[in-house]
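In: just the structure for this:
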Amino acid sequence: MSAYNNYPGALVRVVADDREQPGGVIDALQSLPGVALEVRRLTCGDYVFEGKVVVERKTLADFARSVMDARLFRQAGAMAQSANRAVLILEADGSELADTGLSREAMQGALITVSVFYGLAVLRSTGPGETAQLLLYLGRQAQKYCRGGLSRPGYRPKGRRARQLFILQGLPGVGPARAAGLLDRFGSVQAVATAQADELATVKGIGKGIAARIRRMLEPDT
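Out: Residues are numbered from 1 along each chain as shown. Down below sits the predicted model:
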């Protein structure tokens, strides 16, 4: 048994886009224990896990085509604006790059753009079976994240304001400056947690996109 699915716990809830059916990943996911899979049309990404993480999967050939026609960057932009955490999985064994017409430099540049400037996490896989295992593991981690089970490494701040800022920096898209802006605007972590998205968006550096991600993170699952 793979180490990925040797994990006791609740079923991982996955929604897969119906256009992914020919790729082999959906079949592989259906064969894995611990997966509750729904297949339907998605407007953003190819897979959504636990309602919190959206994944775009690309074979190397599709990745190359999407770079050449700029589709990759439109997709990355849409995922970055969504309320979910965004992941790109590049499925390739490394032997087909010469057949795509895409130079290694162009590929690296595109990966830098989507990871650094659009904020997508980039993961690698060698094929549909490994992608399915990776997605299951990602789903397990998403469950732990939603329950607050992933520890935050680093220092533990002292003082009330420092602790409040540390807590706020755990929100999506919120760094030190935005955390300070939120605390100055609302006065407490509780007030931030109960603020509406349009109120959050008035804080300098937040904007509508980050406000929506924060609101989505703070709302209970339905």
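In: helices and strands of this structure: which one bottoms out on pLDDT?
Out: Within the chain, no helix or strand scores below helix 97-100, which has a mean of 66 by mean pLDDT, DSSP states H and E.
In: by contact count, what packs against the following helix or strand past that helix?
Out: Following helix 97-100 in sequence order, the next helix or strand is helix 104-112 (DSSP states H and E). Judged by 3 or more CB pairs under 8 Å, 6 or more residues apart in numbering; DSSP states H and E, helix 104-112 is in contact with helix 60-68. Using the backbone N, CA and C atoms, a C-beta is placed for each residue, glycine as well.
In: give me the pLDDT for the residue of the chain positioned farthest from its centre.
Out: Going by CA atoms, centre = their mean, the residue of the chain most distant from its centre is G159, 32.1 Å out. G159 is assigned 78 on the pLDDT scale.
In: that one and F166: what is the separation?
Out: 10 Å (CB to CB, to the nearest Å).
In: isn't A76 right up against L88?
Out: Yes: assessed by CB atoms under 8 Å, A76 is found in contact with L88 at 7.3 Å.
In: so which residues of the chain form helices?
Out: For the chain, helices defined by DSSP state H occupy the ranges 25-30, 60-68, 71-81, 97-100, 104-112, 128-146, 160-168, 176-186, 189-194, 197-200, 207-218.
In: pull the CA atoms of the first one into PDB?
Out: What it means is helix 25-30. Written as PDB, here are the backbone C-alpha positions of helix 25-30 (Å, rounded to 0.1, in the frame of the first residue of the first chain):
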ATOM      1  CA  VAL A  25      -6.400  10.800 -13.200                       C
ATOM      2  CA  ILE A  26     -10.100  10.500 -12.400                       C
ATOM      3  CA  ASP A  27      -9.900   6.700 -13.000                       C
ATOM      4  CA  ALA A  28      -6.900   6.500 -10.700                       C
ATOM      5  CA  LEU A  29      -8.600   8.600  -8.000                       C
ATOM      6  CA  GLN A  30     -11.700   6.300  -8.100                       C
END
